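Asks: Sequence first, then the predicted structure, then my questions.
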Amino acid sequence: MTSKIRVLITTPWPQGAVDAMREHFEVEVHEGPLPMPEEKWLAALQNFDAVAPTVIDRLPPAAFQAEGRRTRILGNFGVGYNHIDIDAARASGLAVTNTPGVLTDATADQAMGLLLAVARGSRWATGISGMGSGPAGTRPTVWARRLRARRWASSVSAASVRPWPGARITALACRWCSSIAARLTLR
């Protein structure tokens, strides 16, 4: 009988995600303290085939030199992996993955809420919006935000320095503009 792959999730995840993982793997969830302390990391690397960290986790340097390490992959739950020393992981033969797109819908929902709040003059929204920086402006989030605007029967216009494929413009039912200035002249 083949045993299931053992996976450690380093911070509590949504229960649906944990349940889905348990269908395929033997899963343990670290409940605290958060972030996971160094001694727990070093023990985890000896006892689990895979570890699923999040952005709050910082792998100790000793993790990459651990003798007899069982872990072969870090499956980061999140978009990036800048909290993991990729060069050290590669040198030690430890694979690193992430989950691009996992936050796209949530970020687009937040961006649409902020747009509505700003339009209504909410000081809270303008104070936390970041003035257009950060994840609210990333390409997948922009697409998701435009799809939500379309669902709300809004008029959607698009402007970019690079032309979009016609299929995307059609799918979004939006008007293409070559620049923001051109958009401002539309009626």
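Replies: Perfect, I can see it now. Residues are numbered from 1 along each chain as shown.
Asks: burial of the closest residue to Thr11 other than its chain neighbours, as a residue count?
Replies: With Cβ to Cβ, 6 or more residues apart in numbering as the criterion, Thr11 has its nearest non-adjacent residue at 4.9 Å, and that residue is Thr54. From N, CA and C alone the C-beta is placed, and that goes for glycine too. Thr54 has 17 neighbours, counted by other Cβ atoms under 10 Å.
Asks: And for Thr107?
Replies: Thr107: 21 neighbours (other Cβ under 10 Å).
Asks: Could you verify my assumption that Lys4 touches His24?
Replies: Yes - applying Cβ atoms under 8 Å, one finds Lys4 in contact with His24, separated by 7.4 Å.
Asks: How about the contacts made by the residue lying closest to Ala88 once chain neighbours are set aside?
Replies: Distances taken as Cβ to Cβ, 6+ apart put Phe64 closest to Ala88, at 4.1 Å, once the chain neighbours are dropped. Contacts for Phe64 (Cβ atoms under 8 Å, 6 or more residues apart in numbering) come out as 85, 88-89, 91-92, 94.
Asks: Buried ones among the residues you listed?
Replies: 85, 89, 94 (16 or more other Cβ atoms under 10 Å).
Asks: Return the residues in contact with Val29.
Replies: 8-9, 12-13, 18.
Asks: Tell me the buried residues within the residues you listed.
Replies: 8-9, 13, 18.
Asks: Closest to Leu114 out of those?
Replies: Trp13 (25.5 Å; Cβ to Cβ).
Asks: Next one, pLDDT for the closest one please.
Replies: Model confidence at Trp13, given as pLDDT, is 88.
Asks: same thing with Arg175?
Replies: 66.
Asks: And for the one 5 residues further on?
Replies: You'll see Ile180 listed with a pLDDT of 57.
Asks: Identify the residues contacting Asn98.
Replies: 75-76, 78-81 are the contacts of Asn98 under Cβ under 8 Å, 6+ apart.
Asks: Please enumerate the strands of the protein.
Replies: Using DSSP state E, the strands found in the chain span residues 6-9, 26-29, 50-52, 73-75, 95-97, 157-159, 175-177.
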